[in-house]
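Student: sharing a model that was predicted from the sequence below.
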Amino acid sequence: MRPIKTAVFPVAGLGTRFLPATKAMPKEMLTVVDKPLIQMVVEEAKEAGVEHFVFVTGRNKSVIEDHFDKQYELESTLRRRGKSKQLDKLEEDLPGAGQTSFTRQQEPLGLGHAIWCARHLVGQEPFAVLLPDMIIEANPGCLAQMVEVYRQRGGGNVIAVEEVPMEHVHRYGVVGAKDWQDNHFSIDAMVEKPKREHAPSNLIISGRYILQPEIFKEIENVQPGIGGEIQITDAMIALSANQNFHGLRFSGKTYDCGDKVGFLSANVAFALDREDLNAEVRAALQAIISARGGTLTWN
C-alpha cells in the first residue's frame, strides 16, 4: 500500500457566483476570516501527510502561486517592525522548496478534466484531490480521517461522504454503501445527480477523494456531458469495475464556499471558534440582528 504524498487542487474555475469580487481575484483567494480558502485546504492536506501540492490553475490565477511563495519585501518589513509572530506564521504556512507544482487547464472542461491535467505531475502514485470550495471544519481534518481509512482498508480509493435529505440528492453525486465498519464502508454504486427514486442512498460525495493513478486512463475514456464537461464521477464508476472504492462518513461540518450563504456561514463559524474574536463577533451579530428587529439567543 503506497502512502498518499501528493494532493491535487483544482483551482481553474471562474467563480462567477462571486462577481464582481472575483473579476480580478481568484475565488480561491477569498478569505474565511483572515485565511484564503486555498490555504485552508492546503493546511488540511499538510496535516494528512501530503508533501507535494499540485495546483491546476487557469488564466488570472498567478496570485495563488504568489501566495505560496516567499514575499521578501513583506518579510523584511515585518522583521524591521519587530512583528515576529506574523513573520513566524508566514514561515509556518509556506510549503517547502520544491513542494508546489502548477499546471494549467486551458479550457473549463469539468472536474475530471482538471484532475487529468495533473497526470504528469502525479505520476504513478495514489493521490488526494481537495476541492477548495468545500471547507470542512474537523479535528482531525477530513483528509487525515480518509488516510486512516485508506490504511485500514489496505489501499484502494476513498471518497468522503455526508448525509443530506433525500429530496436534495438530485444535486450531487451519490454513493451506495455496504459492509459498514464504524463510519466507513464499501461503495457498491455511484450515480451523478440521480432522481430521488433512483438514488442508492442519501450519502453524497463531499469534495475529498483519494484516488489511484489508473483513474487518469478512465478519465481519457469518459464522454463529455452537459456543457462539454468531463465528470470525475463517470471515471470513478468505470474504475470501480476493477478497483475497490470505500466511503468515509467523516466527522466534521462542511461549508460550501462556492455558495454565498455557505461562504458567509463559514466566516461566522470560524470567527466564533477563534478565542481572539469570539466575544466581539457575538456582540456584533447580536447588534446586527437586534437592529433589524430580531433576537439572537446563545446556548
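Tutor: Happy to help now that I have it.
Student: just the pLDDT at the most centrally placed residue in the chain, thanks.
Tutor: Closest to where the C-alpha atoms of the chain average out (C-alpha atoms, centre = their mean) is Leu131, at 2.9 Å. Per-residue pLDDT puts Leu131 at 96.
Student: not counting sequence-adjacent ones, nearest residue to it?
Tutor: Gly207 (3.7 Å; C-beta to C-beta, 6 or more residues apart in numbering). Any C-beta I mention is one placed from the backbone N, CA and C, and that applies to glycine too.
Student: what about that neighbour, which helix or strand?
Tutor: Here Gly207 sits within strand 203-211, counting by DSSP states H and E.
Student: and the helix or strand that that strand is followed by, C-alpha only, in CSV?
Tutor: With elements assigned by DSSP H and E, the helix or strand that comes after strand 203-211 is helix 215-221. Only the C-alpha atoms of helix 215-221 are listed here, as CSV (Å, rounded to 0.1, in the frame of the first residue of the first chain):
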residue,chain,number,x,y,z
ILE,A,215,-8.1,7.0,-12.8
PHE,A,216,-6.3,9.0,-15.4
LYS,A,217,-6.8,6.4,-18.1
GLU,A,218,-10.5,6.2,-17.2
ILE,A,219,-10.9,10.0,-17.5
GLU,A,220,-9.5,9.8,-21.0
ASN,A,221,-12.3,7.4,-21.9
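Student: neighbours of Thr297, how many?
Tutor: Applying other C-beta atoms under 10 Å, we find 5 residues neighbouring Thr297.
Student: before we move on, back to that, next, the contact list for the residue nearest to the centre of the chain, please.
Tutor: By C-beta atoms under 8 Å, 6 or more residues apart in numbering, the residues touching Leu131 are Pro10, Val41, Leu111, Gly207, Arg208.
Student: ok, these vs Asp256, which is closest?
Tutor: Gly207 (8.5 Å; C-beta to C-beta).
Student: distance-wise, check that closest one relative to Phe250.
Tutor: From Gly207 over to Phe250 the distance is 11 Å, taken as C-beta to C-beta, to the nearest Å.
Student: between those two, which contacts overlap?
Tutor: Ile136, Ala160.
Student: contact partners for the closest residue to Val11 other than its chain neighbours?
Tutor: Sequence neighbours aside, Glu28 is the residue nearest to Val11 in space, at 4.8 Å (criterion: C-beta to C-beta, 6+ apart). Residues counted as contacts of Glu28 (C-beta under 8 Å, 6+ apart) are Val11, Gly15, Pro36, Leu37, Ile38, Lys61, Ile64, Pro132.
Student: look at Glu28 and give its secondary structure.
Tutor: Look at Glu28: counting by DSSP: H, G, I helix; E, B strand; the rest coil, its state is helix.
Student: okay, now Lys46: neighbour count?
Tutor: 18.
Student: go through the one helix or strand it maps to and flag the buried ones.
Tutor: Lys46 belongs to helix 37-47 when assigned by DSSP H and E. If you call a residue buried by 16 or more other C-beta atoms under 10 Å, then helix 37-47 has these buried ones: Leu37, Ile38, Gln39, Met40, Val41, Val42, Glu44, Ala45, Lys46.
Student: and those residues as JSON lines, adding pLDDT and distance to Leu90?
Tutor: Converted to JSON lines, the buried residues of helix 37-47 look like this (pLDDT from 0 to 100; distance: C-beta to C-beta, whole Å):
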{"residue": "Leu37", "pLDDT": "97", "distance to Leu90": "18"}
{"residue": "Ile38", "pLDDT": "96", "distance to Leu90": "15"}
{"residue": "Gln39", "pLDDT": "96", "distance to Leu90": "11"}
{"residue": "Met40", "pLDDT": "96", "distance to Leu90": "16"}
{"residue": "Val41", "pLDDT": "97", "distance to Leu90": "18"}
{"residue": "Val42", "pLDDT": "97", "distance to Leu90": "14"}
{"residue": "Glu44", "pLDDT": "97", "distance to Leu90": "19"}
{"residue": "Ala45", "pLDDT": "97", "distance to Leu90": "19"}
{"residue": "Lys46", "pLDDT": "96", "distance to Leu90": "15"}
